[in-house]
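Q: Everything below, folded, please.
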Amino acid sequence: MKKYLFLIPLLASLLTIACNKETEYHQTRFLRPGITALRVYADQKVDSISFETTESYELSSNASWCIVPDEYKSLKNPYTNAIILCYAWLQFEANTTGSNREAIIHLGAGDYSIDAYVVQVPYLCVTSPARLNEQLLPLTCAADAESAKLCFTTFDSWTLTTEADWLTIGEPNGFVVENKEVTLTLQPNTTTADREATVVLTSRGVAQNIIVKQLKPASAE
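A: From the prediction side, this is the model:
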């Protein structure tokens, strides 16, 4: 009987350890970006990511153009079995390569690690004219149109230039801007053919060509 009584405390200890192991909770996941990559523009300087974890973590990037600042590289979670919500700002160099480029953001959290992806496109954020399959469509105007509007967002100071003599740029330069509208003043197209002009939007060393197409008069059909 004494033998069995001796086993009771041992059995209780094993049950306690088992319960503690069962109640341990581990979670690490990215909230932003989620399943898809975080896409940033060629002249973009910063953007944020967010994640939650129950562990202390280290954050790093595999690309020299995508930088994790020192203040976001690591954090010790002071809690046990508690989720902490974390934010980090990433810094980007301008993309003047002419191609998409990708960075992997690695999150090491205790015994767990996950990756998120950042894609930096080679173009600026122009919303008018529209973009189709990453190609900027021409800004098309009637022969007798007196004006047209460009709309864009930049993350640095910007300039607009053209060599065309039949259109005038209402505002040729400015600073960081969101949803900026610039009016182009057009002269009537009195020729017998459509004509095109190139307006160049430049921000942070990245040049974006915008084609302005003015149709020929209906009488020239």
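Q: The closest residue to V206 other than its chain neighbours and R204, how far apart?
A: Excluding its sequence neighbours, the residue lying closest to V206 (CB to CB, 6 or more residues apart in numbering) is A42, at 4.3 Å. Every C-beta, even on glycine, is put in place using the N, C-alpha and C of the backbone. Distance, A42 to R204, by CB to CB, to the nearest Å: 8 Å.
Q: Repeat that for P138.
A: With the distance defined as CB to CB, P138 ends up 24 Å from R204.
Q: out of those two, which sits in the more crowded spot?
A: Per other CB atoms under 10 Å, whichever of P138 and R204 has more neighbours is R204, with 21 against 13.
Q: can you pull the pLDDT of the closest residue to Y57 other than its chain neighbours?
A: With CB to CB, 6+ apart as the measure, A109 is the residue that lies nearest to Y57, at 4.3 Å, once sequence neighbours are left out. The predicted structure scores A109 at 93 on the pLDDT scale.
Q: Tell me how many other residues surround A109.
A: Neighbour count of A109, defined by other CB under 10 Å: 23.
Q: ok, it - contacts?
A: For A109, the contacting residues are T28, T53, T54, E55, S56, Y57, E58, taking CB atoms under 8 Å, 6 or more residues apart in numbering as the criterion.
Q: partner residues bridging the residue sitting nearest the centre point of the chain?
A: Closest to where the C-alpha atoms of the chain average out (CA atoms, centre = their mean) is V40, at 2.5 Å. For V40, the beta-bridge partners are Q120 (DSSP bridges).
Q: can I assume it is in contact with P122?
A: No. Shown here, V40 and P122 do not form a contact pair, counting by CB atoms under 8 Å, at 11.2 Å.
Q: in the chain, which spans are helices?
A: 2-23 (DSSP state H).
Q: where are the low-confidence patches of it?
A: For the chain, applying pLDDT under 70 flags the ranges 1-23, 220-221.
Q: tell me the domain ranges of it?
A: By the assignment in automatic domain parsing, the chain contains the domains 26-120, 125-220.
Q: what distance separates the start and the end of the first one?
A: This points to domain 26-120. Domain 26-120 stretches 32 Å from its first residue to its last (CA to CA, to the nearest Å).
Q: roughly how far is it from the heart of the chain?
A: Using CA atoms, centre = their mean, to the nearest Å, the mean C-alpha position of domain 26-120 is found 12 Å from that of the whole chain.
Q: Can you give me the buried ones in stretch 194-207?
A: A197, V199, L201, T202, S203, R204, V206 (16 or more other CB atoms under 10 Å).
Q: OK, contacts around S128?
A: Contacts here follow CB under 8 Å, 6+ apart; on that basis S128 touches L139, K149, L150, C151, F152.
Q: can you rerun that using 6 Å?
A: Taking CB atoms under 6 Å, 6 or more residues apart in numbering as the criterion, S128 is in contact with C151.
Q: tell me which residues of stretch 102-121 are tucked away?
A: Along stretch 102-121, the positions that meet the burial threshold by neighbour count (16+ other CB under 10 Å) are A103, I105, L107, G108, A109, A116, V118, Q120, V121.
Q: Closest one to T80 out of the residues you listed, please.
A: For these, the minimum distance to T80 (CB to CB) is 14.2 Å, reached by A109.
Q: Return the set of residues that bridge with the closest one.
A: Y57, Y112.
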